[in-house]
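K.L.:
no FASTA, just this:
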């Protein structure tokens, strides 16, 4: 399985939090990353997004075919994201468009085996895959793409 974690692009400050929209810079970040994703995407890619405006706008830069998953909101925990994605047992690939600190904590768990407060920058994408070698499941980091590198 492949699991892609995409933090929403830059958004305006303010309240209510769920209604915050992307800034002009954020829209550009989302479009650039969407272009990179389009060129490198796995063949079967399921896209899941938090219900916030900024995550839906980020996902929409890439595709209109995404699922809004309430459990992936700003307070989503690692277990919420693992359950929504089906990691590591689902087939194909899943892209989660979400928030800090949950995405960083999930990345830490996947790479180090323990949750930690790692930061995924706004608009950045982290791509993981898993494989079995010698009867041991391994997590592999395939790519980390900051928004300004896409």
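P.N.:
That came in fine, so what should we check first? Since the structure is predicted, the reported quantities are computational estimates derived from the model, not experimental observations.
K.L.:
ignoring the adjacent residues along the chain, who's closest to residue 89?
P.N.:
Closest residue to residue 89 apart from its sequence neighbours, by CB to CB, 6 or more residues apart in numbering: residue 1 at 7.0 Å. (Each C-beta comes from the backbone N, C-alpha and C, glycine too.)
K.L.:
who's in contact with that neighbour?
P.N.:
When contacts are counted by CB atoms under 8 Å, 6 or more residues apart in numbering, residue 1 touches 86-94, 129-130.
K.L.:
could you rerun that using 6 Å?
P.N.:
88, 90, 130 (CB atoms under 6 Å, 6 or more residues apart in numbering).
K.L.:
for residue 116, same thing?
P.N.:
Neighbours of residue 116 in contact, by CB under 6 Å, 6+ apart: residue 108.
K.L.:
name the element it belongs to?
P.N.:
For residue 116, there is no host helix or strand (DSSP states H and E).
K.L.:
quick check: it vs residue 60, distance?
P.N.:
Remark: distance between residue 116 and residue 60 (CB to CB, to the nearest Å) = 31 Å.
K.L.:
cool, and residue 81?
P.N.:
20 Å.
K.L.:
which of these two has more neighbours?
P.N.:
residue 81 (24 against 15; other CB atoms under 10 Å).
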